[in-house]
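Novice: attaching a predicted model along with its sequence, questions to come.
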Amino acid sequence: MTSTTSPSVKQRRRLQGTVVSTAMKSTAVVRVDRRVAHEKYGKYFTVSRKFKIHDSVGAAHVGDLVEFEECRPISKDKRWRYLSTVKKAVSSI
């Protein structure tokens, strides 16, 4: 049986996290936190992981909550692309 629709496009993973560094050119480092229950005791604790994302326009700033998605490898460490800023950082000036 042949389908007349186009082949399905694979959904890319999307994550949200807090920008912790924008010191590199066109790259931002984003920390993603998730809450995990301890296997034996059930107490919840936070597990963090950092991702390097490609931000060619420099829209991400430290403290912002950003959304990013998986993409082809851009460099040795970068496999994620900036999509949008979900929430701006609170400025303390």
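Specialist: Received, thanks.
Novice: for the rest of this, base every contact and every neighbour count on C-alpha atoms.
Specialist: Noted.
Novice: report the mean confidence score over the helix or strand where residue 29 lies.
Specialist: Using DSSP states H and E, residue 29 maps to strand 27-37. Confidence for strand 27-37, expressed as mean pLDDT, is 97.
Novice: next, count neighbours for residue 90.
Specialist: With neighbours defined by other C-alpha atoms under 10 Å, the count for residue 90 comes to 8.
Novice: list the contacts of it.
Specialist: With contact taken as C-alpha atoms under 8 Å, 6 or more residues apart in numbering, residue 90 is in contact with residue 63.
Novice: who does the strand holding residue 29 touch, helix- and strand-wise?
Specialist: Using 3 or more C-alpha pairs under 8 Å, 6 or more residues apart in numbering; DSSP states H and E as the contact test, the elements touching strand 27-37 are strand 14-21, strand 44-54.
Novice: so that strand versus strand 44-54, what angle?
Specialist: 160 degrees (axes from the mean of the first three to the mean of the last three C-alpha atoms, to 10 degrees).
Novice: who's in contact with strand 27-37?
Specialist: Strand 27-37 is contacted by residues 15-22, 43-56, 58, 60 when judged by C-alpha under 8 Å, 6+ apart.
Novice: out of those residues, which end up buried?
Specialist: Buried subset of the contacts of strand 27-37 (neighbour count, 16 or more other C-alpha atoms under 10 Å): 16-22, 51-55, 60.
Novice: can you lay out these as a markdown table showing pLDDT and distance to residue 68?
Specialist: Output for these, formatted as a markdown table (pLDDT from 0 to 100; distance: C-alpha to C-alpha, whole Å):
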| residue | pLDDT | distance to residue 68 |
| --- | --- | --- |
| 16 | 97 | 6 |
| 17 | 97 | 8 |
| 18 | 97 | 11 |
| 19 | 97 | 11 |
| 20 | 97 | 14 |
| 21 | 96 | 15 |
| 22 | 96 | 15 |
| 51 | 97 | 10 |
| 52 | 97 | 10 |
| 53 | 97 | 7 |
| 54 | 97 | 9 |
| 55 | 95 | 10 |
| 60 | 95 | 11 |
